[in-house]
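J.: sequence below, structure please.
(chains A and B)
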Amino acid sequence: EPEVTQTPSHQVTQMGQEVILRCVPISNHLYFYWYRQILGQKVEFLVSFYNNEISEKSEIFDDQFSVERPDGSNFTLKIRSTKLEDSAMYFCATTGAGTGELFFGEGSRLTVL
Amino acid sequence: DAKTTQPPSMDCAEGRAANLPCNHSTISGNEYVYWYRQIHSQGPQYIIHGLKNNETNEMASLIITEDRKSSTLILPHATLRDTAVYYCIVRALGSYGKLTFGQGTILTVHP
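T.: This next block holds a predicted model:
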(Lines give C-alpha, C1' and ligand atoms only; values in the text may rest on other atoms or scores of the structure.)
Protein backbone atom coordinates (compact mmCIF):
# COMPACT_ATOMS: atom_id res chain seq x y z
CA GLU A 1 0.00 0.00 0.00
CA PRO A 2 1.42 3.42 -0.89
CA GLU A 3 2.47 5.54 2.03
CA VAL A 4 3.70 8.98 2.98
CA THR A 5 7.28 8.92 4.23
CA GLN A 6 8.69 11.47 6.65
CA THR A 7 12.26 12.17 7.72
CA PRO A 8 13.76 12.50 10.20
CA SER A 9 11.68 10.49 12.64
CA HIS A 10 13.16 12.45 15.52
CA GLN A 11 15.27 15.59 15.59
CA VAL A 12 16.75 17.36 18.56
CA THR A 13 17.90 20.93 18.02
CA GLN A 14 18.96 23.96 19.95
CA MET A 15 16.70 26.97 20.21
CA GLY A 16 17.34 29.40 17.37
CA GLN A 17 18.54 26.75 14.94
CA GLU A 18 16.95 26.08 11.56
CA VAL A 19 15.18 22.80 11.01
CA ILE A 20 13.95 21.18 7.80
CA LEU A 21 11.44 18.36 7.94
CA ARG A 22 10.96 16.30 4.82
CA CYS A 23 8.04 14.40 3.37
CA VAL A 24 7.80 12.14 0.34
CA PRO A 25 4.17 12.20 -0.77
CA ILE A 26 2.32 9.35 -2.38
CA SER A 27 3.01 9.31 -6.08
CA ASN A 28 0.39 11.24 -8.13
CA HIS A 29 -0.94 13.09 -5.09
CA LEU A 30 -1.17 16.81 -5.69
CA TYR A 31 -2.34 18.29 -2.39
CA PHE A 32 0.02 18.46 0.54
CA TYR A 33 -0.40 19.46 4.15
CA TRP A 34 1.55 19.91 7.34
CA TYR A 35 0.00 19.41 10.75
CA ARG A 36 1.52 19.46 14.17
CA GLN A 37 0.62 17.95 17.51
CA ILE A 38 2.06 19.24 20.74
CA LEU A 39 2.30 16.48 23.33
CA GLY A 40 -1.10 15.79 24.87
CA GLN A 41 -2.92 18.21 22.59
CA LYS A 42 -4.97 17.86 19.44
CA VAL A 43 -3.73 17.69 15.88
CA GLU A 44 -3.48 21.23 14.47
CA PHE A 45 -3.44 22.33 10.86
CA LEU A 46 -0.45 24.38 9.76
CA VAL A 47 -0.54 24.76 5.99
CA SER A 48 -1.84 23.32 2.74
CA PHE A 49 0.02 23.42 -0.55
CA TYR A 50 -1.10 22.90 -4.11
CA ASN A 51 0.37 23.69 -7.48
CA ASN A 52 3.55 25.00 -5.93
CA GLU A 53 1.91 27.54 -3.71
CA ILE A 54 0.30 27.79 -0.33
CA SER A 55 -3.46 27.29 -0.49
CA GLU A 56 -4.22 28.02 3.13
CA LYS A 57 -2.32 28.56 6.35
CA SER A 58 -3.20 28.81 9.99
CA GLU A 59 -2.19 31.55 12.41
CA ILE A 60 0.44 29.19 13.76
CA PHE A 61 2.20 29.28 10.39
CA ASP A 62 3.99 32.58 10.86
CA ASP A 63 7.06 34.01 9.14
CA GLN A 64 9.30 31.49 10.85
CA PHE A 65 7.73 28.71 8.82
CA SER A 66 8.01 28.01 5.11
CA VAL A 67 7.16 25.15 2.78
CA GLU A 68 8.35 24.15 -0.62
CA ARG A 69 8.56 21.30 -3.04
CA PRO A 70 12.05 21.86 -4.36
CA ASP A 71 12.51 18.87 -6.64
CA GLY A 72 8.99 17.82 -7.51
CA SER A 73 9.06 14.94 -5.07
CA ASN A 74 9.98 16.01 -1.54
CA PHE A 75 7.71 18.39 0.32
CA THR A 76 9.53 20.25 3.05
CA LEU A 77 8.66 22.29 6.12
CA LYS A 78 11.33 24.70 7.29
CA ILE A 79 11.42 26.41 10.65
CA ARG A 80 13.95 29.22 10.46
CA SER A 81 14.68 29.89 14.09
CA THR A 82 13.20 27.29 16.39
CA LYS A 83 11.62 28.13 19.71
CA LEU A 84 10.96 25.89 22.68
CA GLU A 85 7.25 25.90 21.86
CA ASP A 86 7.95 24.42 18.42
CA SER A 87 8.59 21.09 20.11
CA ALA A 88 5.93 18.79 18.71
CA MET A 89 5.15 15.96 16.31
CA TYR A 90 4.89 17.24 12.77
CA PHE A 91 2.75 15.26 10.37
CA CYS A 92 2.76 15.50 6.61
CA ALA A 93 -0.41 14.51 4.78
CA THR A 94 -1.24 14.20 1.10
CA THR A 95 -4.26 13.53 -1.04
CA GLY A 96 -5.10 13.07 -4.67
CA ALA A 97 -8.16 14.06 -6.57
CA GLY A 98 -11.29 12.19 -5.60
CA THR A 99 -12.49 11.30 -2.13
CA GLY A 100 -10.54 13.89 -0.19
CA GLU A 101 -9.16 11.20 2.06
CA LEU A 102 -5.89 12.35 3.60
CA PHE A 103 -2.97 9.99 3.99
CA PHE A 104 -0.69 10.88 6.88
CA GLY A 105 2.93 10.06 7.46
CA GLU A 106 4.19 8.66 10.74
CA GLY A 107 5.45 12.04 11.82
CA SER A 108 8.68 13.77 12.73
CA ARG A 109 9.23 14.46 16.39
CA LEU A 110 10.98 17.78 16.94
CA THR A 111 12.53 18.53 20.29
CA VAL A 112 13.85 22.05 20.83
CA LEU A 113 16.21 22.51 23.77
CA ASP B 1 -17.02 22.65 7.81
CA ALA B 2 -19.75 21.71 10.25
CA LYS B 3 -18.89 21.16 13.88
CA THR B 4 -18.99 17.69 15.43
CA THR B 5 -19.52 16.50 19.00
CA GLN B 6 -18.12 13.24 20.34
CA PRO B 7 -17.94 11.72 23.82
CA PRO B 8 -14.47 12.20 25.30
CA SER B 9 -13.94 8.55 26.11
CA MET B 10 -15.43 5.08 25.78
CA ASP B 11 -14.53 1.58 26.85
CA CYS B 12 -15.08 -1.68 25.03
CA ALA B 13 -14.32 -5.30 25.79
CA GLU B 14 -12.09 -7.13 23.37
CA GLY B 15 -14.08 -9.07 20.80
CA ARG B 16 -17.20 -6.98 21.28
CA ALA B 17 -18.50 -4.32 18.94
CA ALA B 18 -17.39 -0.77 19.62
CA ASN B 19 -20.02 1.83 18.71
CA LEU B 20 -18.68 5.36 18.58
CA PRO B 21 -21.27 8.14 18.21
CA CYS B 22 -20.90 11.52 16.62
CA ASN B 23 -23.30 14.44 16.42
CA HIS B 24 -23.13 16.79 13.45
CA SER B 25 -26.47 18.57 13.54
CA THR B 26 -25.33 21.47 11.33
CA ILE B 27 -24.08 19.28 8.50
CA SER B 28 -24.95 20.63 5.06
CA GLY B 29 -26.05 18.73 2.00
CA ASN B 30 -22.68 18.45 0.32
CA GLU B 31 -20.73 17.46 3.41
CA TYR B 32 -19.52 13.96 4.09
CA VAL B 33 -18.78 12.35 7.42
CA TYR B 34 -15.19 11.15 7.72
CA TRP B 35 -13.69 9.04 10.47
CA TYR B 36 -10.00 8.93 11.31
CA ARG B 37 -8.15 7.42 14.21
CA GLN B 38 -4.80 8.05 15.85
CA ILE B 39 -3.07 5.20 17.61
CA HIS B 40 -0.75 6.53 20.30
CA SER B 41 1.37 9.22 18.62
CA GLN B 42 1.23 7.81 15.11
CA GLY B 43 -0.11 9.75 12.17
CA PRO B 44 -3.90 9.85 11.88
CA GLN B 45 -5.31 7.01 9.83
CA TYR B 46 -8.33 7.23 7.57
CA ILE B 47 -11.06 4.73 8.42
CA ILE B 48 -14.18 5.39 6.40
CA HIS B 49 -16.44 8.13 5.06
CA GLY B 50 -20.05 8.43 3.92
CA LEU B 51 -22.72 10.83 2.74
CA LYS B 52 -26.08 9.36 3.67
CA ASN B 53 -26.04 5.66 3.02
CA ASN B 54 -24.48 3.22 5.42
CA GLU B 55 -20.97 2.26 4.46
CA THR B 56 -18.78 -0.73 5.27
CA ASN B 57 -15.18 -1.54 4.56
CA GLU B 58 -12.61 -3.93 5.93
CA MET B 59 -12.03 -1.76 8.99
CA ALA B 60 -15.44 -0.57 10.08
CA SER B 61 -19.06 0.27 9.33
CA LEU B 62 -20.55 3.73 9.30
CA ILE B 63 -24.21 4.26 10.09
CA ILE B 64 -25.61 7.71 9.29
CA THR B 65 -29.08 8.65 10.49
CA GLU B 66 -31.69 9.54 7.93
CA ASP B 67 -31.62 13.22 8.88
CA ARG B 68 -27.80 13.05 8.71
CA LYS B 69 -27.47 14.85 12.03
CA SER B 70 -25.59 12.03 13.67
CA SER B 71 -23.60 8.93 12.84
CA THR B 72 -22.06 5.90 14.50
CA LEU B 73 -18.79 4.24 13.68
CA ILE B 74 -18.89 0.53 14.39
CA LEU B 75 -15.83 -1.63 14.92
CA PRO B 76 -17.51 -5.05 14.79
CA HIS B 77 -14.95 -7.04 16.77
CA ALA B 78 -12.70 -4.69 18.66
CA THR B 79 -9.16 -5.77 19.43
CA LEU B 80 -6.58 -4.30 21.78
CA ARG B 81 -4.93 -2.70 18.74
CA ASP B 82 -8.07 -0.65 18.17
CA THR B 83 -7.31 1.38 21.29
CA ALA B 84 -6.92 4.88 19.84
CA VAL B 85 -8.40 8.34 19.57
CA TYR B 86 -11.22 8.36 17.02
CA TYR B 87 -12.10 11.55 15.17
CA CYS B 88 -15.34 12.31 13.42
CA ILE B 89 -14.91 15.09 10.85
CA VAL B 90 -17.41 16.65 8.50
CA ARG B 91 -16.11 17.89 5.20
CA ALA B 92 -17.29 18.63 1.70
CA LEU B 93 -16.28 16.02 -0.83
CA GLY B 94 -13.76 17.43 -3.20
CA SER B 95 -12.69 19.94 -0.62
CA TYR B 96 -8.94 20.05 -0.38
CA GLY B 97 -8.88 22.52 2.42
CA LYS B 98 -7.76 21.80 5.93
CA LEU B 99 -9.10 18.90 7.91
CA THR B 100 -9.99 20.14 11.37
CA PHE B 101 -9.44 17.71 14.22
CA GLY B 102 -11.37 18.04 17.43
CA GLN B 103 -10.59 16.23 20.67
CA GLY B 104 -12.10 12.99 19.42
CA THR B 105 -13.13 9.96 21.47
CA ILE B 106 -10.50 7.98 23.32
CA LEU B 107 -11.52 4.35 22.84
CA THR B 108 -9.95 1.91 25.24
CA VAL B 109 -10.35 -1.76 24.41
CA HIS B 110 -9.70 -3.95 27.42
CA PRO B 111 -9.17 -7.71 27.68
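J.: what parts of chain A come near chain B?
T.: Within chain A, the positions lying close to chain B (CB under 8 Å from any CB of the partner chain) are A:4, A:31, A:33, A:35, A:37, A:42-45, A:48, A:50, A:55-56, A:58, A:89, A:91, A:93, A:95, A:99-107, A:109. C-betas here are computed from N, CA, C, even on glycine.
J.: quick one: which of those sit in helices?
T.: Judged by DSSP state H, those include no members of helices.
J.: give me the buried subset of the residues you listed.
T.: Using 16 or more other CB atoms under 10 Å in any protein chain shown as the burial test, those include A:4, A:31, A:33, A:35, A:37, A:43-45, A:48, A:58, A:89, A:91, A:93, A:95, A:100-107, A:109 as buried.
J.: contact partners for the nearest residue to residue B:46 once chain neighbours are set aside?
T.: Excluding the flanking residues, the one nearest residue B:46 by CB to CB, 6 or more residues apart in numbering or on different chains is residue A:101, at 4.8 Å. The neighbours of residue A:101, taking CB atoms under 8 Å, 6 or more residues apart in numbering or on different chains as the test, are A:95, B:34, B:46, B:49.
J.: now the last one. Nearest residue, chain neighbours left out?
T.: Across the structure, with CB to CB, 6+ apart as the measure, the residue nearest residue B:49 apart from its sequence neighbours is residue B:34 (4.3 Å).
J.: and the strand or helix carrying the one you found, what's buried?
T.: Per DSSP states H and E, residue B:34 falls inside strand B:31-38. Using 16+ other CB under 10 Å as the test for burial, strand B:31-38 gives B:31, B:32, B:33, B:34, B:35, B:36, B:37, B:38.
J.: helix or strand for the closest residue to the fifth one other than its chain neighbours, which one?
T.: Spelled out, that is residue B:35. Closest residue to residue B:35 apart from its sequence neighbours, by CB to CB, 6+ apart: residue B:47 at 4.3 Å. Element membership of residue B:47 [criterion: DSSP H and E] is strand B:45-50.
J.: wondering if the helix or strand following that strand reaches chain A at all.
T.: Next helix or strand after strand B:45-50 toward the C-terminus (DSSP H and E): strand B:55-56. No: using CB under 8 Å from any CB, strand B:55-56 never reaches chain A; the gap is at least 11.6 Å.
J.: beta partners of the residue nearest to residue B:49?
T.: Judged by DSSP bridges, the bridge partners of residue B:34 are residue B:49, residue B:89.
J.: poorly predicted segments of the chain, please.
T.: Assuming you mean chain A. The model of chain A has pLDDT under 70 over residues A:99.
J.: should've been chain B
T.: Along chain B, segments meeting pLDDT under 70 span B:1-2, B:94.
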